[in-house]
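Novice: Sequence and predicted structure, then a few things I'm wondering about:
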Amino acid sequence: MATDSWALAVDQQEAAAESLSNLHLKDEKVKPDANGAVVKTNANAEKTDEEEKEDRAAQSLLNKLIRSNLVDNTNQVEVLQRDPNSPLYSVKSFEELRLKPQLLQGVYAMGFNRPSKIQENALPLMLAEPPQNLIAQSQSGTGKTAAFVLAMLSQVEPANRYPQCLCLSPTYELALQTGKVIEQMGKFYPELKLAYAVRGNKLERGQKISEHIVIGTPGTVLDWCSKLKFIDPKKIKVFVLDEADVMIATQGHQDQSIRIQRMLPRNCQMLLFSATFEDSVWKFAQKVVPDPNIIKLKREEETLDTIKQYYVLCNNRDEKFQALCNLYGAITIAQAMIFCHTRKTASWLAAELSKEGHQVALLSGEMVVEQRAAVIERFREGKEKVLVTTNVCARGIDVEQVSVVINFDLPVDKDGNPDNETYLHRIGRTGRFGKRGLAVNMVDSKHSMNILNRIQEHFNKKIERLDTDDLDEIEKIAN
Ligand SMILES: Nc1ncnc2c1ncn2[C@@H]1O[C@H](COP(=O)(O)OP(=O)(O)OP(=O)(O)O)[C@@H](O)[C@H]1O
């Protein structure tokens, strides 16, 4: 037992260091390792609020980089109108929105055939006359960015050579991603210009910006609007605050956003988007968006109903590895993800599997976001069938086609208790897609057996024992 708690403490320390080192994406010294992976040199400080925020920003960026499609959602959109007596419009096609032809062309060129669930309601509201304010919440990948980009592009008058739309993003990298969407959607609208208000983008004092849309981080946008006066905030028609949940994790960003908002004219349209809606986001949203319409789309529920869950009893890490090798043929019928608690274990496991001649990918917190995205992309394309990763690194990542999940180490929170939410998110499926899945949990101590039992009790779903020395049993799980 003493060994267990010691191991747990080491794991926790390493996981904390990992979640921290995941995040120092910009300012850190990096050096390439033998495989070209970028390895960062500093990973041992304590996690602060700032790093927590970077964690969310990194997660959000990673999801954007790997996503090429809408996330499906069959839930109903909840709409709370500012004026409950005005009719509630929703559209089923982009034509109904009477967009400028060059914008409609841009939308179709992006491969969008019809509005997404959230867009069906958000677009008519945002494009209404007079413009309506909106607070919208829905999970990442449901089409929020595309919606507000379309709203901004619709409001711009290209003949007026000054900023008319202002969009705040939590980080430079996220601002660039939104900028790319603006460029794609505005592809057939060449007279439309975009400027980035981000650190490092230096302009001459006294200069005025002539671009129509400015996208940037709150600190720089605030400087450009007040101290440096590059932008006249009184001429802004549309103000967008994106990724509000990531934004508010930094106190400075909240205050700066509110200060920017106060400089805007009364009739400026205010739009706020967030993937989650905890109390703090809601309070902030209400400060930034007066008289809002509110649109919410609940996340699709995940369930364990269609998942076969097993556990394998081992005595130590080497036995876990052996069990995994026994299972290997069965799990690689589909694509599999293997989760380890620490980076050290993940690297060791990936190396050992490679030595056995298996082709595996390793997703590690030591890589910068773009490299992690490239690893996930290769895996999604099926170039590797097995992805080894850590609990921390893969948090919040959706790799939908994975139907086999191996918990080489069970997910635990920072106090060493079972992390049920992660367990569910990792192996659960949304009801609609109900694809069958397989989860195998490796148990190597009394402590991890206890965690497994608590997970079992929490979900009230039996996790069956699997003997990996018994070929018949392995055959059973493969089918
Ligand atoms: N109407 C649509 N039809 C088809 N694809 C769409 C549509 N709207 C958006 N998409 C695509 O779906 C993906 C997710 O959209 P988008 O980035 O707008 O979502 P989001 O909710 O803003 O996500 P995030 O919170 O991660 O920024 C993108 O690849 C985007 O190009």
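Specialist: The structure has been received and is ready for your questions.

Novice: which residue ranges form the helices in the stretch 301-450 of the chain?
Specialist: Counting by DSSP state H, counting those that start in this stretch, the stretch 301-450 of the chain has these helices, from start to end: 317-331, 343-355, 369-380, 420-427, 446-459.

Novice: So which of those is nearest residue 465?
Specialist: Taking CB to CB, helix 446-459 is the member of the helices of the stretch 301-450 of the chain nearest to residue 465, at 10.3 Å. For the C-beta atoms, the positions are set from N, CA and C on the backbone; glycine is no exception.

Novice: Which elements pack onto the closest one?
Specialist: Applying 3 or more CB pairs under 8 Å, 6 or more residues apart in numbering; DSSP states H and E, one finds that helix 446-459 contacts helix 2-21, helix 420-427, strand 437-443.

Novice: Can you name the residues in contact with the helix or strand following that helix?
Specialist: Where DSSP states H and E defines the elements, the next helix or strand beyond helix 446-459 is strand 464-465. Residues outside strand 464-465 that contact it (CB atoms under 8 Å, 6 or more residues apart in numbering): 308-313.

Novice: Ok, stretch 340-360 next?
Specialist: Stretch 340-360 is contacted from outside by 10-11, 14-15, 18, 317, 321, 324-325, 328, 332, 338, 361-366, 384-391, 393, 408-409, 412, using CB under 8 Å, 6+ apart.

Novice: where's residue 106, which helix or strand?
Specialist: Using DSSP H and E, residue 106 sits in helix 101-109.

Novice: re earlier: out of the helices of the stretch 301-450 of the chain, which gets nearest to the ligand?
Specialist: Evaluated over these, closeness to the ligand peaks at helix 369-380, with 12.8 Å, by CB to the nearest ligand atom.

Novice: Just the C-alphas of the closest one, formatted as PDB.
Specialist: Taking C-alpha atoms only, helix 369-380 is exported to PDB below (Å, rounded to 0.1, in the frame of the first residue of the first chain):
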ATOM      1  CA  VAL A 369       0.400  21.900 -30.400                       C
ATOM      2  CA  GLU A 370       1.000  21.800 -34.100                       C
ATOM      3  CA  GLN A 371       3.000  18.600 -33.700                       C
ATOM      4  CA  ARG A 372       0.400  17.000 -31.600                       C
ATOM      5  CA  ALA A 373      -2.200  18.000 -34.200                       C
ATOM      6  CA  ALA A 374       0.000  16.300 -36.900                       C
ATOM      7  CA  VAL A 375       0.200  13.000 -34.900                       C
ATOM      8  CA  ILE A 376      -3.600  13.000 -34.400                       C
ATOM      9  CA  GLU A 377      -4.200  13.800 -38.000                       C
ATOM     10  CA  ARG A 378      -2.000  10.800 -39.100                       C
ATOM     11  CA  PHE A 379      -3.900   8.600 -36.700                       C
ATOM     12  CA  ARG A 380      -7.200   9.800 -37.900                       C
END
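
Novice: ok, and for that helix, which residues are buried?
Specialist: Within helix 369-380, the residues scored as buried using 16 or more other CB atoms under 10 Å are 369, 371-373, 375-376, 379-380.

Novice: what's near enough to touch residue 237?
Specialist: For residue 237, the contact set (CB under 8 Å, 6+ apart) comprises 131, 155, 164-165, 268-269.

Novice: Make TSV out of those and add pLDDT and secondary structure.
Specialist: Listed next are the contacts of residue 237 as TSV, based on pLDDT from 0 to 100; DSSP: H, G, I helix; E, B strand; the rest coil:
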residue	pLDDT	secondary structure
131	86	coil
155	95	helix
164	98	coil
165	98	strand
268	97	coil
269	98	strand
